[in-house]
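Any chance you could fold what I've pasted below:
(one chain, ligands or ions: 1)
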Amino acid sequence: MEHAYDYLIVGGGMAADAAAKAISAADAAASIGILGAETEPPYERPPLSKALWKGDKTLASIDLQTAASGAELHLGRRAQTLDRAGHRVVDDRGDNWRYRRLLLATGASPRVLPFAANERVIHFRTTDDYRRLRGYAVEGARIAVVGGGFIGSELAAALAGAGCKVRMLFPGASIGSGRYPPTLASFLDDYYRGRGVELLSGVKVVGGSAGDGDVELVLSDGRRLRVDAVVAGLGVVPDTALVEQAGLEVADGVLVDARLRTSDPDIWAAGDLANFFNPSLGRRLRVEHENAAVEMGAHAGRAMAGAGGDYTTLPYFYSDLFDLGYEAVGLLDARLQLVEDWSEPHRKGVVYYLDGGRVRGVLLWNVWGQVDAARALIAQPGPFDAASLRGRIPHDG
Ligand SMILES: Cc1cc2nc3c(=O)[nH]c(=O)nc-3n(C[C@H](O)[C@H](O)[C@H](O)COP(=O)(O)OP(=O)(O)OC[C@H]3O[C@@H](n4cnc5c(N)ncnc54)[C@H](O)[C@@H]3O)c2cc1C
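All right, here's what the predicted structure looks like:
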């Protein structure tokens with residue numbers, strides 16, 4: 001079957017949604033089509049590991065209502081080949097999708113555990129994964145959370161809150177090690193233990209077997225663990241299959257210019273997939289966070305419709321861990337020089353990440369409304385040191 005759109009968007013996530021809304025605002029008469037591999041219309045992903053567990057949101061309320069933009073959604077279809085010369089995408093049913101301008105927003109997919117999984121092993125990313133995990137998350141259920149990063153730490157908190165017996169496994173020394181200052185990371189470990197989460201640090205899952213009634217994990221230190229279900233947050237890899245097949249420039253995601261255009265003048269990219277240059281940091285980066293997906297999606301949409309300038313926003317991100325929460329901007333790399341400024345140790349404060357006298361990242365720990373101040377600080381040439389940074393960003397906005 002043949003389809004044709006002025007603007008075709010491949011990928012049905014948050015970047016796709018933001019782009020469709022921006023295109024229709026800038027070019028109301030245009031036809032917009034979205035080709036998405038998931039069967040559900042675009043939705044907010046972050047609540048899957050937070051607000052849905054706390055009861056603050058429902059699956060119905062996270063629907064982004066993309067169709068209201070006038071975009072036509074074609075779901076449960078995966079784009080398989082991209083013929084750039086012919087301005088044509090072919091999907092997994094053999095349908096042809098012609099475009100004038102194309103946005104690639106295929107996002108990223110979870111890394112997987114090194115053994116054959118069944119439904120009890122969940123590589124967490126989608127609403128289907130949420131529903132599946134929810135099914136196992138009954139009071140007293142033994143659940144292993146593999147990974148000590150954002151997804152692992154949020155899900156461990158959510159599952160403990162649901163009354164599960166949670167064991168959290170990660171290769172680092174502590175939760176979020178490498179990202180938070182060591183004292184904050186060990187505070188977090190104690191915080192989790194105090195809420196009933198058993199921590200197994202310094203281990204990897206090297207094998208396992210998933211049965212009808214439970215899952216056995218084999219750990220790098222030789223231990224074996226039997227649980228009712230496993231949920232993994234091992235990080236993600238950008239979905240570059242289509243861009244590689246099409247011969248676009250790829251290096252940790254698809255390379256885009258300042259206007260989010262790829263090496264093909266009629267193709268843009270946004271969100272988890274896109275590798276872009278940020279002037280404040282003076283380097284390229286690929287960001288796997290909501291703010292980047294939404295802002296880049298909208299910016300790419302406007303650019304495709306002929307509006308807008310360079311994309312210069314430094315994305316921020318946020319996380320909720322039990323009743324702790326934070327926002328952060330830039331690079332959170334604990335190998336940088338760290339300046340900690342606590343008004344209440346490990347409960348409320350700001351951590352600055354410095355490199356050669358320049359601020360490269362800011363962690364706003366239970367400090368709200370200061371994202372723009374943090375962005376402005378990162379854009380400044382400095383030089384900064386501990387004395388000039390302490391008290392610089394207020395803790396109470
Ligand atoms: C559980 C969870 C919690 C999160 N929490 C936070 C948070 O607290 N804060 C934060 O800032 N960020 C958070 N994130 C990250 C944030 O959700 C992502 O950065 C964002 O969703 C990326 O959006 P995207 O549209 O670029 O990609 P995705 O959301 O990955 O969407 C891409 C879509 O494209 C589809 N697709 C892929 N290939 C094809 C193809 N060939 N053809 C058609 N469709 C295709 C995929 O199936 C997918 O539906 C969280 C992510 C998860 C999973």
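
Please count neighbours and contacts with C-alpha atoms only from this point.
Fine.

Tell me who's in contact with the residue nearest to residue 214 when sequence neighbours are not counted.
Nearest non-adjacent residue to residue 214, counting by C-alpha to C-alpha, 6 or more residues apart in numbering: residue 228, 4.5 Å away. Neighbouring residues of residue 228 by C-alpha atoms under 8 Å, 6 or more residues apart in numbering: 120, 136, 141-143, 213-215.

Now the buried members of the residues you listed.
Applying 16 or more other C-alpha atoms under 10 Å to the contacts of residue 228, the neighbour count classes 120, 136, 141-143, 214-215 as buried.

Export the residues you listed as a markdown table, with columns for pLDDT and secondary structure.
What follows is the buried ones among the contacts of residue 228, written out as a markdown table (pLDDT from 0 to 100; DSSP: H, G, I helix; E, B strand; the rest coil):
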| residue | pLDDT | secondary structure |
| --- | --- | --- |
| 120 | 98 | coil |
| 136 | 98 | helix |
| 141 | 98 | coil |
| 142 | 98 | strand |
| 143 | 98 | strand |
| 214 | 97 | coil |
| 215 | 98 | strand |
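
for the residues you listed, which one is nearest residue 68?
The closest of the buried ones among the contacts of residue 228 to residue 68 turns out to be residue 136 (C-alpha to C-alpha; 34.7 Å).

Model confidence at residue 100, what's the number?
With respect to pLDDT, residue 100 scores 98.

swap in residue 397?
At residue 397, the predicted lDDT confidence score is 64.

what's near enough to touch residue 266?
Contacts here follow C-alpha under 8 Å, 6+ apart; on that basis residue 266 touches 100-102.

any idea of the pLDDT on it?
98.

Could you report the distance from it to residue 3?
Distance of residue 266 to residue 3, given as C-alpha to C-alpha, to the nearest Å: 18 Å.

And residue 131, by the same measure?
For residue 131, the distance to residue 3 - C-alpha to C-alpha - is 33 Å.

The protein against the ligand: which residues are in contact?
10-16, 35-38, 45-46, 48-49, 77-80, 105-108, 125, 151, 239, 271-273, 288-291, 293, 317-319 (C-alpha under 6 Å from any ligand atom).

Can you select the buried ones from those residues in PyMOL?
With 16+ other C-alpha under 10 Å as the criterion, this PyMOL line picks the buried residues out of these:
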select buried, resi 10+11+12+13+14+15+16+35+36+37+38+45+46+48+49+77+78+79+105+106+107+108+125+151+239+271+272+273+288+289+290+291+293+317+318+319
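
Sort out which of the residues of the chain next to the ligand are in strands and list them.
Among the residues of the chain next to the ligand, the ones falling in strands (DSSP state E) are 10, 35-36, 79-80, 108, 317-319.

How is this structure divided into domains?
Domains of the chain are assigned by automatic domain parsing as 2-109+237-304, 112-232, 323-389.

and the shortest one, how far apart are its ends?
From the first residue to the last, domain 323-389 extends over 27 Å; the measure is C-alpha to C-alpha.

To what extent is residue 23 buried, counted in neighbours?
Residues near residue 23, counting by other C-alpha atoms under 10 Å, number 29.

need the helices for the stretch 1-150 of the chain, in chain order.
With DSSP state H, counting those that start in this stretch as the criterion, the stretch 1-150 of the chain has helices at 14-26, 51-54, 127-136, 150-161.
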